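> have a look at this prediction, sequence included:
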Amino acid sequence: MSKRSFSFPVADMRARALGEVHSRPYTLISLPRVIFQVAFLTEANFAADHAILAELSLGQGVPAPAPDTSHHTMTWGSGTLRWERHTEFSTYFWDTPASGAFGAEVPVNPFGASFVAPGPFISGIRIEIRPASQDFSDVISHFDPTSLCQSTVADGHATLVTDFRQDGDGLTKFLILDRGVTDAARGMLVQRILDIETYRTLAMMGLPLAQTLSPEIRRIETAFTRVTQRMKQHARSEADAMLAEITRLAADLEANAALSLYRFSASRAYYNIVLERVAMMAEKALPGNETLGAFLQRRLAPAMRTCQSVEERQVNLSRKLTRATALLRSWIDVDLQKFNTEILASMDKRAHLQLRLQQTVEGLSVAAISYYVIGLVGYLAKLIHNVGLDISSETLTGVSVPFVVLGVWLTVRRIRNKHSDDNVQGGGKPRG
């Protein structure tokens with residue numbers, strides 16, 4: 001069988017689509033280890049984020065990444081510095097061997113005084129992985145007991161401890177007690193913890209906005225209630241004023257909805273990611289302790305329900321405003337149609353009056369024209385009498401009167417009928 005070479009035209013996004021599967025490999029983490037990750041909001045200035053990353057790379061003798069890249073990894077000190085760009089934030093990950101006591105200062109790290117934050121700081125994490133053979137009961141006793149979480153993970157080969165409190169550097173501390181986890185499994189566990197802490201912070205960003213919008217929605221609801229009560233009593237007489245007020249309320253509501261649309265959608269997506277990562281860890285609670293997943297569910301779920309409630313209130317209120325607007329417009333349309341009918345009736349009445357006036361004018365016109373024509377006939381009769389015809393001019397003039405009047409009337413009628421026919425051919429209505 002002959003060897004065949006495939007050389008098809010490649011889609012523009014194929015390489016990126018295939019590469020995305022391998023873009024976030026788990027870092028192989030040895031024991032003992034301390035991991036740091038910081039996250040910044042960089043959507044407003046990706047250029048500054050790339051400039052900082054390029055400076056870090058060149059400082060380590062590594063070529064700066066391309067401006068459109070979303071992942072970059074380099075060796076920094078005794079560990080790995082990994083940068084990732086997401087939709088609205090970027091993360092900087094670094095690991096190094098753990099030495100000294102838990103929480104001890106790491107003097108040399110990428111995030112020292114020379115590091116410039118590329119945007120607002122949103123999340124900071126410190127994870128220490130230590131062998132379970134060492135006694136860390138004294139360290140655990142210093143965690144906040146009101147939010148302490150302890151559970152077994154990695155099929156019981158590790159214990160995870162945290163209180164979700166931040167240290168003096170603003171980092172949330174996690175302690176992993178290792179009982180024989182492989183380097184790859186440690187990397188997976190660490191990545192899930194990093195995702196949980198970063199995304200739960202991002203998910204909670206929707207709560208302050210929801211708390212800010214809630215009084216504004218309440219104000220619109222109260223004003224809308226007042227308008228609907230007025231509609232029950234003064235619908236027809238104040239329809240225009242009420243429609244203007246409801247339109248203003250709808251504009252305020254839509255402005256707030258546009259402001260919160262992205263934030264609430266993002267919070268919902270981040271919350272789902274947190275739930276997925278928690279499920280993947282398959283925690284088992286230690287006796288008398290709470291799991292990380294249970295703690296987050298208890299704290300995050302009410303916040304997400306608050307965001308959902310505000311979002312639903314916006315949607316429902318928008319529907320009510322739309323229905324009220326349609327009702328007021330229907331009343332206004334009825335009044336407008338009534339007004340138009342009255343105008344048409346008035347125009348029809350005026351048309352009849354104009355017709356009568358026209359007919360009167362036509363009668364007067366026949367009389368006037370006939371008078372002048374008879375006068376001309378009188379002069380002609382005098383001429384005939386003077387040339388020798390034995391008929392008095394008065395007799396001849398008198399005899400011509402009915403014929404002149406009839407002729408003028410027929411001529412006027414013919415002209416009027418001709419104009420009426422032209423009007424019909426042009427799309428108008430004939431006048432009687």
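Here it is on my side, so go on.
> can you pull up the most central residue in this structure?
Centroid check for the chain by Cα atoms, centre = their mean gives Ala258 as the closest residue, at 4.5 Å.
> and it, what's its pLDDT?
Here, the pLDDT recorded for Ala258 equals 87.
> next one: Lys429
pLDDT recorded at Lys429 is 49.
> strands of the stretch 251-400 of the chain, start to end?
284-285 (DSSP state E, counting those that start in this stretch).
> low-confidence ranges in it?
Scanning the stretch 251-400 of the chain for pLDDT under 70 picks out the ranges 332, 334-335, 359, 362-363, 388-391.
> mind running it again at 80?
327-342, 344-345, 348, 351-352, 354-400 (pLDDT under 80).
> just the helices in it please.
Assigned by DSSP state H, counting those that start in this stretch, the helices in the stretch 251-400 of the chain fall at 292-386, 393-425.
> adding mean neighbour count and distance to Val161, write the ones you listed out as a markdown table.
Where you see a C-beta, it was placed from the backbone N, CA and C, and this is true even at glycine. Output for these, formatted as a markdown table (neighbours: other Cβ atoms under 10 Å; distance: least, Cβ to Cβ, whole Å):
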| stretch | mean neighbour count | distance to Val161 |
| --- | --- | --- |
| helix 292-386 | 14 | 9 |
| helix 393-425 | 14 | 97 |
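> just put these in a markdown table and tack on distance to Phe36.
Formatted as a markdown table, those follow (distance: least, Cβ to Cβ, whole Å):
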| stretch | distance to Phe36 |
| --- | --- |
| helix 292-386 | 19 |
| helix 393-425 | 91 |
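> how about the ones you listed, which one is nearest Thr247?
Thr247 lies closest to helix 292-386 among those, at 6.9 Å (Cβ to Cβ).
> any idea of the angle that closest one forms with helix 393-425?
Angle of helix 292-386 versus helix 393-425, following axes from the mean of the first three to the mean of the last three Cα atoms, to 10 degrees, is 160 degrees.
> from the chain's centre, how far out does helix 292-386 sit?
The chain centroid and the centroid of helix 292-386 are separated by 37 Å under Cα atoms, centre = their mean, to the nearest Å.
> tell me the helices and strands packed up against that helix.
strand 149-153, strand 158-166, helix 183-204, helix 206-234, helix 239-281, helix 393-425 (3 or more Cβ pairs under 8 Å, 6 or more residues apart in numbering; DSSP states H and E).
> once you drop chain neighbours, what's closest to Arg231?
Just to correct that, residue 231 is Met rather than Arg. Met242 (6.3 Å; Cβ to Cβ, 6 or more residues apart in numbering).
> ok, Ala54 next?
Ala64 (3.6 Å).
> okay, the one you found and Thr27: tell me how far apart.
21 Å (Cβ to Cβ, to the nearest Å).
> these two: who's more crowded?
Set side by side, Ala64 and Thr27 show more neighbours around Thr27, with 20 against 15, by other Cβ atoms under 10 Å.
> any idea how far that one is from Leu243?
62 Å.
> still on that earlier bit, relative to Ala324, how far out is the residue nearest to Met231?
For Met242, the distance to Ala324 - Cβ to Cβ - is 8 Å.
> spit out the residues that contact these two alike.
Taking Cβ atoms under 8 Å, 6 or more residues apart in numbering as the contact rule, Met242 and Ala324 both touch 227, 231.
> please save the CA atoms from stretch 382-395 in PDB.
Taking C-alpha atoms only, stretch 382-395 is exported to PDB below (Å, rounded to 0.1, in the frame of the first residue of the first chain):
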ATOM      1  CA  LYS A 382     -82.000  96.800 -32.200                       C
ATOM      2  CA  LEU A 383     -79.600  96.400 -35.000                       C
ATOM      3  CA  ILE A 384     -82.000  94.100 -36.800                       C
ATOM      4  CA  HIS A 385     -84.900  96.400 -36.300                       C
ATOM      5  CA  ASN A 386     -82.900  99.400 -37.600                       C
ATOM      6  CA  VAL A 387     -81.900  97.600 -40.800                       C
ATOM      7  CA  GLY A 388     -85.500  97.100 -41.700                       C
ATOM      8  CA  LEU A 389     -86.800  93.900 -40.100                       C
ATOM      9  CA  ASP A 390     -90.300  94.600 -38.800                       C
ATOM     10  CA  ILE A 391     -89.800  93.100 -35.300                       C
ATOM     11  CA  SER A 392     -89.400  95.200 -32.200                       C
ATOM     12  CA  SER A 393     -86.100  94.900 -30.400                       C
ATOM     13  CA  GLU A 394     -88.000  94.300 -27.100                       C
ATOM     14  CA  THR A 395     -89.900  91.400 -28.600                       C
END
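> contacts for it?
Outside stretch 382-395, the residues that touch it by Cβ under 8 Å, 6+ apart are 378, 381, 396.
> what residues are up against the last one?
Going by Cβ under 8 Å, 6+ apart, Leu396 touches 377, 380-381, 384-385.
> now tabulate those in a markdown table and tack on distance to Glu221.
Output for the contacts of Leu396, formatted as a markdown table (distance: Cβ to Cβ, whole Å):
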| residue | distance to Glu221 |
| --- | --- |
| Val377 | 89 |
| Leu380 | 93 |
| Ala381 | 95 |
| Ile384 | 99 |
| His385 | 101 |
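> Gly79: neighbour count?
Neighbours of Gly79 (other Cβ under 10 Å): 21.
> give me phi/psi at it?
phi -140, psi -160 (degrees, to the nearest 10).
> do the one 3 residues further on as well
When quoted as degrees, to the nearest 10, the phi and psi of Arg82 stand at phi -130, psi 130.
> just list whatever residues bridge to it.
Arg82 has these beta-bridge partners by DSSP bridges: Thr73, Phe93.
> I figured it hits His72, correct?
Yes - contact criterion Cβ atoms under 8 Å: Arg82 and His72 qualify, at 7.4 Å.
> how distant is stretch 190-208 from the center of its chain?
23 Å.
> what residues of that stretch count as buried?
Neighbour-count burial for stretch 190-208, counted by 16 or more other Cβ atoms under 10 Å, picks out 190-207.
> gap between the residue nearest to Asp155 when sequence neighbours are not counted and Val161?
Closest residue to Asp155 apart from its sequence neighbours, by Cβ to Cβ, 6+ apart: Ala282 at 7.7 Å. Plainly put, Ala282 is 17 Å away from Val161 if you go by Cβ to Cβ.
> next one: Met205
From Met205 across to Val161, the span is 26 Å (Cβ to Cβ).
> for Ala255, same thing?
46 Å.
> now do Ser392
Ser392 sits 142 Å away from Val161, going by Cβ to Cβ.
> the two: who's more crowded?
Neighbour count, other Cβ under 10 Å: between Ser392 and Val161, Val161 has more, with 22 against 13.
> one step back: so which of the helices and strands packed on helix 292-386 is nearest Ile343?
Using Cβ to Cβ, these put helix 239-281 closest to Ile343, at 18.5 Å.
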